[in-house]
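Trainee: Following is a predicted model, sequence given first.
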Amino acid sequence: MGTSTPETPAETPALLSVGEMSARTGVAVSALHYYERLGLIAAERTSGGQRRYPRHMLRRVALISVAKRLGIPLADVQEAFAEVPLTSTPSHTDWQRASRRWKRTLEQRRRGIEQLERELTGCIGCGCLSMRACRLLNPDDRLGDSGSGARRIGL
């Protein structure tokens, strides 16, 4: 038996086409273009004008997808990514900083949802079924003077 050498895996490309990026992330090409216009991701251009995404954009797109699934606005994602380098591979420290920023945003959203839950539970429990006339949350409809729509719920 001869000496065998382990197969060397095919070298992974440093840049991915928009189609490859879409296939790898499950995100539509049009969404990738939109994220790029928002500055959430960045692509390099070939001499023919085709987009090529650095591999580190896969992580950014994955996090954007998670945020979208959780109902987190893209503006919040932009804020979380504000200090994460776009044109070079982010370091562990860069991602930790973004993670802390995002955690604060998520904690604020959680508190808002918990407040909404308490207020809705109280309102539904009162039985009047009227936020306009409710004596618990809006005595004498004082909040009506400040405009239409929800006034106590700051989402």
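Mentor: Received, thanks.

Trainee: now for the helix ranked longest in the chain, which elements pack on it?
Mentor: Ranked by residue count and defined by DSSP state H, the top helix of the chain is helix 92-126. When contacts are defined as 3 or more C-beta pairs under 8 Å, 6 or more residues apart in numbering; DSSP states H and E, helix 92-126 sits against helix 74-80. Quick note: C-beta positions are derived from backbone N, CA and C, even for glycine.

Trainee: Any buried residues in the helix it packs on, and which?
Mentor: Within helix 74-80, the residues scored as buried using 16 or more other C-beta atoms under 10 Å are 76-77, 80.

Trainee: now, among those, which is nearest to Y53?
Mentor: V77 (17.1 Å; C-beta to C-beta).

Trainee: Just give the closest residue to that closest one, not the sequence neighbours.
Mentor: A67 (4.9 Å; C-beta to C-beta, 6 or more residues apart in numbering).

Trainee: Okay, that neighbour and A14: tell me how far apart.
Mentor: Distance from A67 to A14, counting by C-beta to C-beta, to the nearest Å: 26 Å.

Trainee: More neighbours: which of the two?
Mentor: A67 (19 against 10; other C-beta atoms under 10 Å).

Trainee: okay, now the domains of this structure?
Mentor: 13-90, 104-155 (automatic domain parsing).
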